[in-house]
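> Quick one, structure for this:
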Amino acid sequence: MSRNKRKTSALQAVAVTTISALFVLTALFGLYKCFSQEPTLRPSGPAAPAPDPSAAQEPENPEDDARPLSSEERKEHFYTVLMAGLDDENGGSDTNLLMALDAENGTINVVSLPRDTLLNVSWSVKKLNNAYHHGGISQTRAEVSRLLGIPVDYYVTVDLRAFVELVDAIDGVDFDIPVDMDYDDPEQDLHIHFEQGPRHLTGQQALEVVRWRQNNDGTGYATADIGRIGTQQAFLTAVARQTLQVSNVDKIPEMAEIFSKRVETDLKLANLIWIGEQALAMGSDSIAFHTLPGDGAGYYKGGSYYVLEPEAALELMNAYFNPYKRPLTREDMDILVP
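From the prediction side, this is the model:
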């Protein structure tokens, strides 16, 4: 496993943690309904870029916190949130997921956006993970919005250390490991050894499971990164099932501290509480995970990319992620086809 692949898999674990952090903290905070406030969208033309996270404080005037809304007619109580795992060493975001909360119909859908997704941009390296280097989370959000043809209402970023801390905060997670994992990298002091089957994982063990890509003998997931995304999604389901329980209420202070140190967002605390209420009411069975349809072995001008399948991607967006009352069309999406 190369250094870059190890780093990427660790960052994909961060993305799992991002959603876990949201559901762990907001679901528990959601018990305190007096502090709950639904996010606000205000009419004002095209969506504005994400604000500087350092400025994401409680506003003096709540109306000032309303997110811009396009002229399109939107569904009621439907919001999209981009979740990004940050690479502290390189200052980038190699892992991105998009969550759609449909409170009206009681569903939460999450789609994994492969890091090598081909973008229709002028940069020489046209991969989604490169967007962060061209303008931070604002640029990443703009590119995801342009690619998929939908607004990205809010963002959440998280660093790797949150993963281990949050899993340990809920006393570990019961998880059914899908394959035998047997990997050693003495140079990185990385040793991953698990037999297929159910077991209780600590934070560090969980990180190793979701980082794993292949064994030393070359065996691994039949579908490479897509198989690993499937394991991460299954793990997140297990986390959501365990954390969306009232019995975890006594862990609020510890998780709140982790959240405040490791997570940045332009959602207000009151908005997070409202999301928590919705998640708690829906239950873990209402959370569904998807992968953006495409070809992981695609090429464009000599480079290796994850090339989207336009019609399949359009179908997925309309089924679960479209916040508009009208259906999206192929013209709404900016998908580059080699």
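
> buried ones in the helix or strand hosting residue 79?
Taking DSSP states H and E as the criterion, residue 79 maps to strand 78-87. By neighbour count with 16 or more other Cβ atoms under 10 Å, strand 78-87 contains the buried residues 78, 79, 80, 81, 82, 83, 84, 85, 86, 87. All C-beta atoms are positioned from the backbone trio N, CA, C, and that covers glycine.

> chain center to the host helix or strand of residue 207, what's the gap?
Per DSSP H and E, residue 207 falls inside helix 203-211. Taking Cα atoms, centre = their mean, to the nearest Å, one finds the center of helix 203-211 at 17 Å from the center of the full chain.

> Helices along the stretch 151-300 of the chain, start to end?
Secondary structure of the stretch 151-300 of the chain, counting by DSSP state H, counting those that start in this stretch: helices at 161-169, 203-211, 225-243, 252-262, 269-282.

> mind listing what residue 278 touches?
30, 101, 103, 106, 108 (Cβ atoms under 8 Å, 6 or more residues apart in numbering).

> Now with 7 Å, please.
101, 103 (Cβ atoms under 7 Å, 6 or more residues apart in numbering).

> That one and residue 323, how far apart?
Here residue 278 is placed at a distance of 15 Å from residue 323 (Cβ to Cβ, to the nearest Å).

> just for the protein, where's the confidence low?
For the chain, the stretches flagged by pLDDT under 70 are 1-36, 42-70, 87-94, 160, 223-226, 243-249, 252, 256, 284.

> coming back round to it: let me know the closest of the buried residues of strand 78-87 to residue 37.
Comparing these against residue 37 with Cβ to Cβ places residue 79 closest, at 12.7 Å.

> Go ahead and confirm that closest one touches residue 155.
No - taking Cβ atoms under 7 Å as the definition, residue 79 is not a contact partner of residue 155, at 11.7 Å.

> on that earlier part again, between helix 161-169 and the helix holding residue 207, find me the angle.
Interaxial angle of helix 203-211 relative to helix 161-169 (axes from the mean of the first three to the mean of the last three Cα atoms, to 10 degrees): 120 degrees.

> Just give me the neighbour total for residue 315.
13 (other Cβ atoms under 10 Å).

> Pull out the buried residues from the host helix or strand of it.
Following DSSP H and E, one finds residue 315 within helix 310-316. Of the residues in helix 310-316, 313, 314, 316 count as buried by neighbour count, 16+ other Cβ under 10 Å.

> In contact with the last one, which residues?
Yep, that's residue 316 we're talking about. Applying Cβ under 7 Å, 6+ apart, the residues near residue 316 are 111, 290, 293.

> Any idea what the second one is bridged to?
As for beta bridges, residue 290 partners with residue 111 under DSSP bridges.

> That one: how many residues sit nearby?
Number of residues near residue 290 (other Cβ under 10 Å) recorded here: 18.

> Quick check, it in contact with residue 111.
Yes - counting by Cβ under 7 Å, residue 290 does reach residue 111; the two are 4.4 Å apart.

> Can you lay out the buried residues of helix 310-316 as a markdown table showing distance to residue 185?
Listed next are those as a markdown table, based on distance: Cβ to Cβ, whole Å:
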| residue | distance to residue 185 |
| --- | --- |
| 313 | 35 |
| 314 | 40 |
| 316 | 36 |
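
> before we move on, back to that, using JSON lines, lay out the helices of the stretch 151-300 of the chain together with distance to residue 197.
Output for these, formatted as JSON lines (distance: least, Cβ to Cβ, whole Å):
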{"stretch": "helix 161-169", "distance to residue 197": "19"}
{"stretch": "helix 203-211", "distance to residue 197": "12"}
{"stretch": "helix 225-243", "distance to residue 197": "14"}
{"stretch": "helix 252-262", "distance to residue 197": "29"}
{"stretch": "helix 269-282", "distance to residue 197": "29"}
